[in-house]
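Visitor: Can you look at this prediction? I've put the sequence above it.
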Amino acid sequence: MSSVEEALARAEELLARLNERREELERLAEADDVDGDAAVDVIAELAELARQIEAELTRARTIADAGA
């Protein structure tokens with residue numbers, strides 16, 4: 001597997017985790033007794049996952065551009 005493929009695979013894994021956490025946030029939002037602290041924690045996790053996805057996509061683009 002090339003470095004570009006590895007970076008893209010990692011981004012896909014992170015995206016799957018982001019979607020799982022987003023679903024958790026939706027469940028928290030739909031609860032009768034919303035746990036604000038838990039929601040804030042999930043939002044922070046979503047932000048971190050988004051940063052990691054962006055970093056992997058940037059890495060893949062940089063590697064691809066260097067090979068072009």
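Guide: Perfect, I can see it now. Residues are numbered from 1 along each chain as shown.

Visitor: Find the residue ranges of the chain scoring beneath the pLDDT cut-off.
Guide: 68 (pLDDT under 70).

Visitor: Give the other helices and strands that the biggest helix by length in the chain contacts.
Guide: Taking DSSP state H as the criterion, the chain has its longest helix at helix 36-67. If you count contacts as 3 or more C-beta pairs under 8 Å, 6 or more residues apart in numbering; DSSP states H and E, helix 36-67 packs onto helix 3-30. (Each C-beta comes from the backbone N, C-alpha and C, glycine too.)

Visitor: What residues of the helix it packs on count as buried?
Guide: Neighbour counts over helix 3-30 (16 or more other C-beta atoms under 10 Å) mark 4, 7-8, 10-11, 14-15, 18, 21, 24-25, 28 as buried.

Visitor: Tabulate the residues you listed (a markdown table), appending distance to V40.
Guide: Output for the buried residues of helix 3-30, formatted as a markdown table (distance: C-beta to C-beta, whole Å):
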| residue | distance to V40 |
| --- | --- |
| V4 | 35 |
| A7 | 30 |
| L8 | 31 |
| R10 | 26 |
| A11 | 25 |
| L14 | 20 |
| L15 | 22 |
| L18 | 16 |
| R21 | 13 |
| E24 | 13 |
| L25 | 10 |
| L28 | 10 |
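
Visitor: I appreciate the help and will end here.
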